[in-house]
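> how does the following fold in three dimensions:
(chains A and B)
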Protein chains: 2
Amino acid sequence: MPQLRKDPVTKRWVIILHEQAKTPEDFKTVQPPHQQIKCPFCEGNESMSPPEVMSYRTPDTLPNNPGWAVRVVPNKFPALQIEGDLDRTGIGVYDMMNGVGAHEVIIESPRHEDGFHNYTSEQIARILHAYVDRYRDLRRDRRFRYILIFKNNGQAAGASLDHPHSQLIATPIIPKRAMEEIDGAKTYYYYKERCVFCDIIRQELSQGDRIVHENEQFVAFEPFAARFPFETWIAPKDHKDSFGDIDEAEIDGLADVMHSTLQKLIKTLDNPPFNFVIHTSPCDEHCADYYHWHIEILPRLSKTAGFEWGSGFYINPVAPEKAAQFLIKSK
Amino acid sequence: MPQLRKDPVTKRWVIILHEQAKTPEDFKTVQPPHQQIKCPFCEGNESMSPPEVMSYRTPDTLPNNPGWAVRVVPNKFPALQIEGDLDRTGIGVYDMMNGVGAHEVIIESPRHEDGFHNYTSEQIARILHAYVDRYRDLRRDRRFRYILIFKNNGQAAGASLDHPHSQLIATPIIPKRAMEEIDGAKTYYYYKERCVFCDIIRQELSQGDRIVHENEQFVAFEPFAARFPFETWIAPKDHKDSFGDIDEAEIDGLADVMHSTLQKLIKTLDNPPFNFVIHTSPCDEHCADYYHWHIEILPRLSKTAGFEWGSGFYINPVAPEKAAQFLIKSK
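Sure, this is the predicted structure:
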């Protein structure tokens, strides 16, 4: 079973994989390009992946058979395992627990060549629906404190299969970045009695120079202190702490803004590798007043990140106002 | 002038470069390999870099001429500028200040093909001496609150020139990672009245299964909650909060452990790209009781890091105990 370990200084949790352990040889060999004779995520190859957790499919088609538009399966090589108890233990200064959690793959389309470069808003809405359905199901499991939904797009962004897919990891701890945001938002709220994200969105909408796209419900903008060139955030205009509480109309609104924003990024930057991560409140913590869920899109344009990992200090050679200008110009 | 901007939620500072601004075209073009007809850091080409800040050179040779063993120059494309005042300002919810600071390059050897793969302990000691000399000089400047010394080794680790070099950035703010460590160490100290790093080192030395190398003064070990495969930390055995206070005998001891540890990493992993960062206490904060300086070495073996950036959650497929075994076996 994987193991969760806590760094005693920074309180950062790490998943240590014991069963899928790698050796130095695994890192020496150059990885072959991601070409497989049969892609396990393509329509028709359903038997190559674990049995589906859910799918949106044509009436009268059977689970684990063709006829689906979006399909969710457990990860074949999970970072966390769904069965078992947390079993918290310690050795001296160190704390650890069993790697209990869920790790699922959202297969975004039956077609291998699809992706955010050619999705319609309707297909994006379908994918978002799958995210929400899985979110709501998993948050009922009391062992899980946080549900991370993210996408690695392109090899340089960490994707290990070309077929378009996103991932969901339900964890028994709150990830450090989420905790930092919650703490920061809480501090601001105690001081101002306002949500810091609401204040940011209000200021961005009134200044206007970092806005990429907006509709009635959502706004996409380049954050003021962007870590990376063309880093882009999407947030609901109205205050809401959890992605899990999104409603039907909001899903359509979010799909529209994601469609437009990712199209602009993909066109302007020539189909860059990117990650996006949904930042939401923890399952069991009531953050309704001060936290505001949002999506962070991180294009992976440069390799100069090792130092940033070590120091938490970022150097960004593209001012977010300039990035917004470039993105707005693209049609 | 570069600008320092603070994220209002997480308090993370970012340097935005305005003068060296990049466009989408800069990211589209595939970077050519780092071959220049003349390397600006090679002996004989001293006029290609800004005038030296200091050098260790043969008696009777002139500054900015051949005859040096280690040479420090200002970065030609600095992330922060040495001249000017901080000039703190805000717009609405956002805070910023002028990008005042120092950005220097430590050219580790006059020979282009050198590096940690072939340095002697004596050459490493000379490089460490240069770090300490520059550290002590810059910490007298009251505008600077933190001095970051780091190395990007290999293109995949962010090095933009092949010639072996390290970098130093003196900043008017304390980087987020440093702040997190200081806060974590402070909390532990208030609770236990002991330094958390001293407790870690004591436990590692007694358990022994994650130790890579040690001598009288320093120990190299794989941290319990390593984020990355073969992540390795080097720390002084005796409690000391600042790298700037290292003495002559300690420099020799550190050079020995760095030599041995990096040799093991380079041999075991076939000359991997890596970063190392010196973690030390801030210039102006008295952390003598609870902080413990150390070096973190991060081999860059996988690309799966975008998600980790977004979430602060790490998945490590090599247990640190296993990594230590692989490293110890290498001779």
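> least trustworthy helix or strand in chain A by mean pLDDT?
helix A:306-311 (a mean of 72; mean pLDDT, DSSP states H and E).
> can you give me the helices in the stretch 1-150 of chain A?
Using DSSP state H, counting those that start in this stretch, the helices assigned to the stretch 1-150 of chain A run over residues A:24-28, A:121-138.
> just those helices: most buried one?
Across the helices of the stretch 1-150 of chain A, averaging neighbours per residue (mean count of other Cβ atoms under 10 Å in any protein chain shown) puts helix A:121-138 on top, at a mean of 19. C-beta: built from backbone N, CA, C; applies to glycine.
> for that one, packing partners?
strand A:54-57, strand A:68-74, strand A:102-107, strand A:146-153, strand A:165-171, helix A:248-268 (3 or more Cβ pairs under 8 Å, 6 or more residues apart in numbering or on different chains; DSSP states H and E).
> kindly report the residues of the stretch 1-150 of chain A close to chain B.
A:5-18, A:20-24, A:27-28, A:79, A:91-94, A:148, A:150 (Cβ under 8 Å from any Cβ of the partner chain).
> in strands, which of the residues you listed appear?
Secondary structure from DSSP state E places A:5-6, A:13-16, A:91, A:94, A:148, A:150 of these in strands.
> is it possible to get TSV of the residues you listed that adds neighbour count and pLDDT?
What follows is these, written out as TSV (neighbours: other Cβ atoms under 10 Å in any protein chain shown; pLDDT from 0 to 100):
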residue	neighbour count	pLDDT
A:5	23	95
A:6	18	94
A:13	23	91
A:14	24	92
A:15	23	92
A:16	23	93
A:91	10	93
A:94	18	96
A:148	22	94
A:150	21	95
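> and of the residues you listed, the nearest to residue A:43?
Residue A:43 lies nearest to residue A:150 out of those, by Cβ to Cβ, at 23.8 Å.
> and the two most separated of the ones in strands among the residues of the stretch 1-150 of chain A next to chain B?
A:91 and A:150 (31.3 Å).
> how close does residue A:102 get to chain B?
14 Å (Cβ to the nearest Cβ, to the nearest Å).
> in the sheet, who's paired with the closest residue to that residue other than its chain neighbours?
Excluding the flanking residues, the one nearest residue A:102 by Cβ to Cβ, 6 or more residues apart in numbering or on different chains is residue A:170, at 4.0 Å. Assessed by DSSP bridges, residue A:170 has beta-bridge partners residue A:102, residue A:147.
> surely residue A:170 is in contact with residue A:140?
No. Counting by Cβ atoms under 8 Å, residue A:170 stays clear of residue A:140, with 10.6 Å between them.
> below-threshold pLDDT in chain A: ranges please.
A:29-36, A:303-307, A:331 (pLDDT under 70).
> can you do 80?
When residues are selected by pLDDT under 80, those of chain A lie in A:19-21, A:28-37, A:156, A:285-287, A:302-311, A:331.
> quick one: residue A:74 and residue A:105 touch, right?
Yes. At 7.5 Å, residue A:74 and residue A:105 qualify as touching, with contact defined as Cβ under 8 Å.
> look at the two and report which has more neighbours.
Neighbour totals were compared for residue A:74 and residue A:105, and residue A:105 leads with 23 against 17 (other Cβ atoms under 10 Å in any protein chain shown).
> tell me who's in contact with that one.
By Cβ atoms under 8 Å, 6 or more residues apart in numbering or on different chains, residue A:105 lies in contact with A:41, A:49, A:72-75, A:165-168.
> export stretch A:80-90 as CSV, just CAs?
Only the C-alpha atoms of stretch A:80-90 are listed here, as CSV (Å, rounded to 0.1, in the frame of the first residue of the first chain):
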residue,chain,number,x,y,z
LEU,A,80,-3.7,6.0,-3.4
GLN,A,81,-5.8,2.8,-2.8
ILE,A,82,-9.5,2.9,-2.2
GLU,A,83,-9.6,0.0,0.3
GLY,A,84,-8.5,0.2,3.9
ASP,A,85,-8.2,2.4,7.0
LEU,A,86,-6.0,5.4,7.5
ASP,A,87,-4.0,3.8,10.4
ARG,A,88,-2.1,6.9,11.5
THR,A,89,1.3,6.2,13.1
GLY,A,90,4.5,7.9,14.0
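> distance from the chain centre to it, please.
Mean-position distance between stretch A:80-90 and its chain equals 23 Å (Cα atoms, centre = their mean, to the nearest Å).
> got the buried residues for stretch A:277-297?
Residues A:277-283, A:287, A:290-297 are the ones in stretch A:277-297 that count as buried (16 or more other Cβ atoms under 10 Å in any protein chain shown).
> got it, and stretch A:261-271?
Of the residues in stretch A:261-271, those buried (16+ other Cβ under 10 Å) are A:261-266, A:268-269.
> for residue A:181, which non-adjacent residue is spatially closest?
Using Cβ to Cβ, 6+ apart and skipping residues adjacent in sequence, the residue nearest residue A:181 is residue B:9, 5.4 Å away.
> what's the local residue count around the one you found?
Applying other Cβ under 10 Å, we find 23 residues neighbouring residue B:9.
> pretty sure it is touching residue A:184, no?
Yes. Judged on Cβ under 8 Å, residue B:9 makes contact with residue A:184 at a distance of 4.3 Å.
> list residues touching both of the two?
With Cβ under 8 Å, 6+ apart, residue B:9 and residue A:184 have common neighbours residue A:196.
> just the CA trace of stretch A:52-72, in CSV.
The C-alpha trace of stretch A:52-72 is given here as CSV (Å, rounded to 0.1, in the frame of the first residue of the first chain):
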residue,chain,number,x,y,z
GLU,A,52,-15.9,1.9,-15.4
VAL,A,53,-17.1,3.9,-12.4
MET,A,54,-19.6,5.7,-14.6
SER,A,55,-20.1,6.9,-18.1
TYR,A,56,-22.4,9.1,-20.2
ARG,A,57,-23.5,6.8,-23.0
THR,A,58,-26.1,6.3,-25.7
PRO,A,59,-29.2,4.6,-24.4
ASP,A,60,-29.1,0.8,-24.9
THR,A,61,-25.3,0.5,-24.9
LEU,A,62,-23.7,-1.6,-22.1
PRO,A,63,-21.1,-0.4,-19.5
ASN,A,64,-17.5,-1.1,-20.6
ASN,A,65,-18.6,-1.2,-24.2
PRO,A,66,-18.6,1.4,-27.0
GLY,A,67,-21.2,4.1,-27.1
TRP,A,68,-19.9,6.6,-24.5
ALA,A,69,-19.1,10.3,-24.7
VAL,A,70,-17.3,10.6,-21.3
ARG,A,71,-16.1,7.6,-19.2
VAL,A,72,-14.6,7.4,-15.7
